[in-house]
Every structure is written in structure tokens, then in C-alpha cells.
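In: have a look; sequence and predicted model below, questions after that.
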Amino acid sequence: MKISSLMTMSLLLVTGSPRGHAQGDTPSFEFAPPVVVRTVPVSGAEGVDPSLSELSVTYSKPMQDGSWSWSTWGEKNFPELTGKPHYLPDARTCVVPVKLESGRFYAIWLNSEKFRNFKDTHGTPAVPYLFTFRTAGEAAPAAAVAPVPEAGAVNGGEAKLRSLLNADQKTVWDWTHRQFRGFFDARTFEGWTPQDRQSLEERLTDALKGPMNREYYQAINSLAALHATNALPELRRIGLERRDKDNRDRWMSIRALGMLGDRASVPELVHLVYHGNANTRWWAQISLVRLTEQNFGADWQAWGRWWNEHKAAGESEVMPEIRRWWEGQAENEKLAESLADSDRKFLEGLRR
């Protein structure tokens with residue numbers, strides 16, 4: 001074989017054929033992946049006005065509507081979202097409403113290795129892009145940051161619920177809403193038509209099928225804010241299933257069940273008060289307080305006795321048998337002591 005033939009074969013092996021068209025076709029703009037051509041504010045900018053209420057990204061070509069990945073580079077560097085992303089009529093610019101703080105560095109992945117939902121109309125994912133900027137002014141001292149209120153409240157006001165929580169439950173509440181506020185939904189959906197609400201509910205429920213990306217976790221919380229009771233079976237499955245797993249979606253679903261007023265889940269929530277995951281057992285307590293307007297803290301036996309005495313006709317009883325939630329769970333007679341020690345350390349960490 002001639003040297004020129006070998007060189008040609010090597011070139012073909014390296015370059016391959018362009019994605020989306022047959023080998024031998026000439027690569028074209030139509031099949032090239034979309035790339036970021038503009039951001040607002042300009043990526044890398046310093047001194048951005050913290051009153052800016054929207055971020056936007058413009059791509060090199062029309063994009064698939066309803067599909068995006070505004071993803072975290074770091075939880076503390078992701079802005080608070082105040083609404084859902086949407087595309088402008090040009091079909092190339094995606095806008096997301098935000099609330100920014102002074103003196104903060106923000107970093108957002110627009111697509112990443114894991115999340116690739118910014119796609120063109122052919123379904124080709126956009127090239128990942130790290131969008132960064134810093135706002136003007138001085139950062140607020142940590143102690144001066146007010147707790148983020150829970151959104152989408154149902155079943156009574158949040159002020160009433162907080163009045164029923166004990167000091168430790170309020171500590172967990174406040175920490176959770178600071179740490180995970182980027183996942184929570186601040187919308188009330190006032191003025192939405194029934195058709196728009198139904199369409200959103202269907203999309204959010206479909207997102208619960210996976211993958212377990214940022215959109216998956218946000219869907220759990222948005223369904224609660226939307227008061228989407230049709231999603232209860234799926235939220236119960238996620239929150240109440242009896243298997244050991246990563247528990248972020250579990251405690252978020254438990255929080256959602258409380259917000260949706262799901263008294264049918266109370267007998268199962270009582271057993272989650274002694275779950276091995278701290279967020280799970282604390283949010284089981286908080287949701288039980290919301291659903292019953294009682295507060296027995298970490299005493300799952302007291303929760304069970306009260307419910308069995310006061311439940312309405314047709315509501316299920318709390319079964320007394322203790323479940324084994326994880327392999328390292330303490331023996332029944334030592335479980336309360338073991339969890340109390342774990343909670344003490346957990347709360348100390350939050351308060352620090």
C-alpha cells in the first residue's frame with residue numbers, strides 16, 4: 001500500500017463522519033452543535049448590578065423549546081431562581097428570572113458533561129459553557145442573611161406552621177432553605193390558566209421518571225408549589241419507598257407531601273421519623289407538624305399513638321413494628337439514643 005493511501009486512512013479514522021449525516025457528506029452549519037454566542041450579563045463580568053432580574057444566553061442557532069440545563073457549578077454559586085426558564089421568540093435566547101445578591105460570585109453551567117438539555121431543533125446538545133460573573137457591592141454577613149421563606153404554601157400559612165415548630169426544627173428549616181433554595185419554587189401560579197397549569201403539571205410529572213438531574217429535583221418541589229395533587233402517587237413512591245438509596249429526592253418528596261396536605265401519608269411518615277438520613281427524619285417531623293398541627297418531635301411512638309387515637313374514619317393506622325431502614329440501624333431498644341446522638345452532631349454542624 002502506498003504511503004499516501006495510509007495517510008488518507010489515518011485521517012478518516014481520526015476525523016470520522018460528522019454527527020447526524022452520512023459519511024462522505026460535507027460538514028455543515030445545520031449539523032454543527034450549537035454554541036453560546038452571547039450572555040447577559042457578559043460572562044466574566046465584574047460589578048454586575050445585583051438588581052438585574054433576568055439572566056439570558058443566546059445560542060448560534062434555533063433551539064429546542066422547553067429544553068435547557070441551567071446547572072450548578074457549586075451550590076453556593078448558583079443564583080436563586082424566581083421563575084422558570086423560557087425562550088424568546090427568536091428561539092435562540094433562553095431567559096431565566098433570578099434574584100441576585102450583592103458581592104456574590106455566580107457560576108452556572110449551560111449544559112455540562114452530565115446535563116445536556118440545551119439542544120438544537122435536531123436534538124444535538126450544545127457545547128457546555130461555564131457562565132460566570134460577580135455582582136457589585138459588599139456581600140451580606142452570614143449572620144445577616146434572613147431565612148428564605150418556603151414557597152407554594154398550602155394548608156395554612158407558613159407563619160402558623162413555624163409557630164408550631166420547635167427550635168431544632170426551625171434550625172433545620174432555615175438551613176435547608178438557604179442550602180437548597182435553588183431547587184425550590186417561589187411561584188404562586190396566580191393568573192395561570194387551567195390549561196397552562198395542566199401542561200406544566202404533565203411536564204413536571206414526566207420529569208420524575210428521570211434522569212435524576214437538577215430538573216428532576218426541581219420538578220418535585222415545583223409540583224408542591226403548583227399544588228399538583230395528581231402527582232401524589234409518584235411523590236409517595238419516591239418519598240416512602242422502603243429501600244436504602246440516596247435520599248435527596250426522598251426528603252424533598254416528604255416536604256412536598258406535607259405541602260400538598262397528604263394526610264394519607266401520615267402513617268408512613270411516622271416511620272420515617274427514625275430514618276437513618278438526617279434530612280429525611282427532620283422533614284418527616286416538619287411535614288407531620290404541618291399535616292396534624294401537633295408536635296411530638298423525634299418521638300415516633302408518641303406520633304403513632306396520637307394518630308391512631310385521632311385519625312378520621314377510613315384513615316390507616318400506624319403499625320407499631322419498627323422498620324429496618326438501613327443496614328447499620330441500631331437495635332430497637334438503642335435506636336432512639338443512637339439517633340439523638342446523631343441529631344446532636346447534625347444540629348451542631350448546622351449552627352456552626
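Out: In hand now; what should we look at? Numbers count the residues shown, from 1 in each chain.

In: low-scoring stretches of the stretch 1-150 of the chain, by residue?
Out: Residues of the stretch 1-150 of the chain that meet the criterion pLDDT under 70 lie in 1-27, 75, 140-150.

In: all helices of it, in order?
Out: Using DSSP state H, counting those that start in this stretch, the helices found in the stretch 1-150 of the chain span residues 3-15.

In: how about the strands in it?
Out: Along the stretch 1-150 of the chain, the segments classed as strands by DSSP state E, counting those that start in this stretch run 36-40, 45-48, 54-59, 70-72, 80-81, 86-87, 93-99, 105-110, 129-135.

In: who's in contact with the closest residue to residue 62 other than its chain neighbours?
Out: The shortest distance from residue 62 to any non-neighbouring residue, by C-beta to C-beta, 6 or more residues apart in numbering, is to residue 91 (4.2 Å). C-betas here are computed from N, CA, C, even on glycine. If you count contacts by C-beta atoms under 8 Å, 6 or more residues apart in numbering, residue 91 has them with 62-63, 65.

In: coming back round to it: mind checking which of the strands of the stretch 1-150 of the chain is nearest residue 232?
Out: Comparing those against residue 232 with C-beta to C-beta, the closest turns out to be strand 80-81 (24.4 Å).

In: for residue 70, see how far away the nearest residue to residue 218 once chain neighbours are set aside is.
Out: Distances taken as C-beta to C-beta, 6+ apart place residue 183 nearest to residue 218, at 5.5 Å, with adjacent residues excluded. Using C-beta to C-beta, to the nearest Å, residue 183 is found at 12 Å from residue 70.

In: what's around the nearest residue to residue 100 once chain neighbours are set aside, how many residues?
Out: Among residues not flanking residue 100 along the chain, residue 50 sits closest, at 4.5 Å (C-beta to C-beta, 6+ apart). Neighbourhood size, residue 50 [other C-beta atoms under 10 Å]: 15.

In: now the one 3 residues further on
Out: By other C-beta under 10 Å, 12 other residues sit near residue 53.

In: again, but for the one 10 residues further on
Out: Around residue 63 sit 23 other residues, with neighbours defined as other C-beta under 10 Å.

In: who are the contact partners of residue 169?
Out: With C-beta under 8 Å, 6+ apart, residue 169 has these contacts: 282, 285-286, 289, 295, 297.

In: out of those, which are inside strands?
Out: Taking DSSP state E, every one of the contacts of residue 169 sits outside strands.

In: any idea how many residues pack against residue 74?
Out: With other C-beta under 10 Å as criterion, residue 74 counts 10.

In: excluding residues flanking it in the chain, which one is nearest it?
Out: residue 107 (6.5 Å).

In: hmm, the one you found is touching residue 73, no?
Out: Yes - counting by C-beta atoms under 8 Å, residue 107 touches residue 73, with 3.8 Å between them.

In: what sits in contact with each of the two?
Out: With C-beta under 8 Å, 6+ apart as the test, residue 107 and residue 73 both reach 130, 132.

In: residue 51: how many residues sit nearby?
Out: 10.

In: measure it to residue 234 for me?
Out: Separation of residue 51 from residue 234 (C-beta to C-beta) stands at 38 Å.

In: residue 246 now?
Out: Look at residue 246 and residue 234: by C-beta to C-beta, they are 17 Å apart.

In: then residue 128?
Out: When residue 128 is compared with residue 234 (using C-beta to C-beta), they lie 30 Å apart.

In: now swap in residue 193 and tell me
Out: Taking C-beta to C-beta, one finds residue 193 at 24 Å from residue 234.
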